[in-house]
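Student: Have a look at this prediction, sequence included:
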Amino acid sequence: MSKNPFDFEKCEILAIDILTDIEFTFRIATSITPNHGQFCQVSIPKVGEAPISVSGAGEGWIELTIRSVGILTKKIFELKIGDFLYIRGPYGNGFDLDILKDHHVVIAGGGSGVAPVRTLINYLYNNENYASSVDLMFGFKTPKDILFKDELEKWGDKFNTIITVDDACGVDDGVCEGLITKYVKDIKLSEFSKMKVIIVGPPLMMKFTALEFMKYGVNKDNIIVSFERNMSCGLGKCGHCKIDEKYVCLDGPIFSYDVAEKLID
Ligand SMILES: Cc1cc2nc3c(=O)[nH]c(=O)nc-3n(C[C@H](O)[C@H](O)[C@H](O)COP(=O)(O)OP(=O)(O)OC[C@H]3O[C@@H](n4cnc5c(N)ncnc54)[C@H](O)[C@@H]3O)c2cc1C
Ligand code: FES
């Protein structure tokens, strides 16, 4: 008998890392092996279900970095180590690693947009010669909103890493003030035909960052964005995520910008 695609796995919470007041990373036990940039449908019975990107993965576990915004996520924040989350997946296309090989890769993230690119960055970090060079740019609202501080520092050892905050709140600890679009000019853009730019964050941040790179000559089809859109089934059956002919849950959430710009509402 074929497996019910809506079946979920009951996963024990192994660890909880408190990143900010409203963003926690949950490590859960699971047998799934996601690709970079894929997401899972995460639920608590009788509470709700939501798509959450995989922000970390290892032998027998994955990590989910969750922002407490609504009914389900607030309930998840009440859970403790040893409690259970229910997941199905992984879903979505994920990042195509092949197209990054030997390219100059720029990864720009806004706020919790670091989560879906975290495993990809760690892959590039551990496989130093995979890309010809890597630049990281991350923008946060204020210094206290900076996520994955220790890892940002570690990545900075190998990759040119620009961290910006909209408002430094008078704190001077090496971060730049202003939106990340302001710092695109500081990326070495001489080889833009070989450049792949990945942008993940709120829709407006993705749009204006993409436009800024395009201003310097990066082609739309070399810009890759991750599209967050409300979903229901996550597996191409309900049509909830469908825009034009694209199912964001199946064809995405990763799209090249020449496709994504037509999907932005
Ligand atoms: C592919 C994909 C990947 C994602 N990855 C992540 C991730 O890694 N981490 C993460 O934290 N999120 C992620 N999200 C977003 C997450 O799925 C949503 O935030 C989800 O809605 C949270 O569920 P919830 O039940 O807690 O929130 P909901 O209760 O559904 O609330 C969602 C939003 O609606 C607002 N809202 C709720 N009720 C009302 C109301 N009555 N009136 C007005 N506004 C209201 C809330 O303030 C909140 O902003 C992802 C989404 C997609 C599509
Ligand atoms: S979420 Fe149901 S078709 Fe995409």
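Tutor: Perfect, I can see it now. Residues are numbered from 1 along each chain as shown. Ligands and ions are numbered 1, 2, ... in the order given.
Student: Can you tell me the number of residues neighbouring Lys237?
Tutor: Residue neighbour count, defined by other CB atoms under 10 Å, stands at 13 for Lys237. Heads up, the C-betas are built off the backbone N, CA and C, glycines and all.
Student: Likewise for Glu212?
Tutor: A count of nearby residues for Glu212, using other CB under 10 Å, gives 21.
Student: go on, Glu177?
Tutor: For Glu177, the count of nearby residues is 12 (other CB under 10 Å).
Student: Also Ala108?
Tutor: If we define neighbours as other CB under 10 Å, then Ala108 has 30 of them.
Student: what pairs with it across the strands?
Tutor: On the basis of DSSP bridges, Ala108 is bridged to Met137, Ile199.
Student: Quick check: it vs Phe208, distance?
Tutor: Distance of Ala108 to Phe208, computed by CB to CB, to the nearest Å: 11 Å.
Student: Flag every residue of the stretch 151-265 of the chain that's near ligand 1.
Tutor: Applying CB under 6 Å from any ligand atom, we find that the stretch 151-265 of the chain lies next to ligand 1 at 228-229, 231, 253.
Student: Show me which residues of this protein are close to ligand 2?
Tutor: Counting by CB under 6 Å from any ligand atom, the residues of the chain near ligand 2 are 231-234, 236-241, 247, 249.
Student: Mind putting those residues into CSV with pLDDT?
Tutor: CSV is the format used below for the residues of the chain next to ligand 2 (pLDDT from 0 to 100):
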residue, pLDDT
Met231, 83
Ser232, 87
Cys233, 91
Gly234, 91
Gly236, 91
Lys237, 91
Cys238, 92
Gly239, 92
His240, 91
Cys241, 90
Tyr247, 91
Cys249, 92
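Student: filter those to the buried ones?
Tutor: 231, 233-234, 241, 247, 249 (16 or more other CB atoms under 10 Å).
Student: Confidence-wise, which helix or strand of the protein is lowest on average?
Tutor: The helix or strand of the chain with the poorest confidence is strand 176-177; it has a mean of 84 (mean pLDDT, DSSP states H and E).
Student: Give me the packing partners of it, helices and strands only.
Tutor: strand 160-165 (3 or more CB pairs under 8 Å, 6 or more residues apart in numbering; DSSP states H and E).
Student: just to revisit the earlier point, so which of the residues of the stretch 151-265 of the chain next to ligand 1 comes closest to Phe26?
Tutor: Nearest to Phe26 among these is Glu228, at 18.6 Å by CB to CB.
Student: what about the closest one, is that helix, strand or coil?
Tutor: coil (DSSP: H, G, I helix; E, B strand; the rest coil).
Student: Quick check: closest non-adjacent residue to it.
Tutor: Nearest residue to Glu228, sequence neighbours excluded (CB to CB, 6 or more residues apart in numbering): Pro253, at 6.6 Å.
Student: measure stretch 244-257 end to end?
Tutor: Distance across stretch 244-257, first residue to last, is 16 Å (CA to CA, to the nearest Å).
Student: part of a helix, is Asp98?
Tutor: Yes - the assignment for Asp98 (three-state DSSP) places it in a helix.
Student: From ligand 1, how far out is it?
Tutor: 22 Å (CB to the nearest ligand atom, to the nearest Å).
Student: Neighbours of the residue of the chain found nearest ligand 1, how many?
Tutor: Proximity of the chain to ligand 1 (CB to the nearest ligand atom) peaks at Gly70, 2.1 Å away. For Gly70, the tally of surrounding residues (other CB under 10 Å) stands at 10.
Student: roughly how far apart are the residue most central in space within the chain and Ile62?
Tutor: Centroid-nearest residue in the chain: Pro116, 2.0 Å away (criterion: CA atoms, centre = their mean). Noted for Pro116: a distance of 13 Å to Ile62, by CB to CB.
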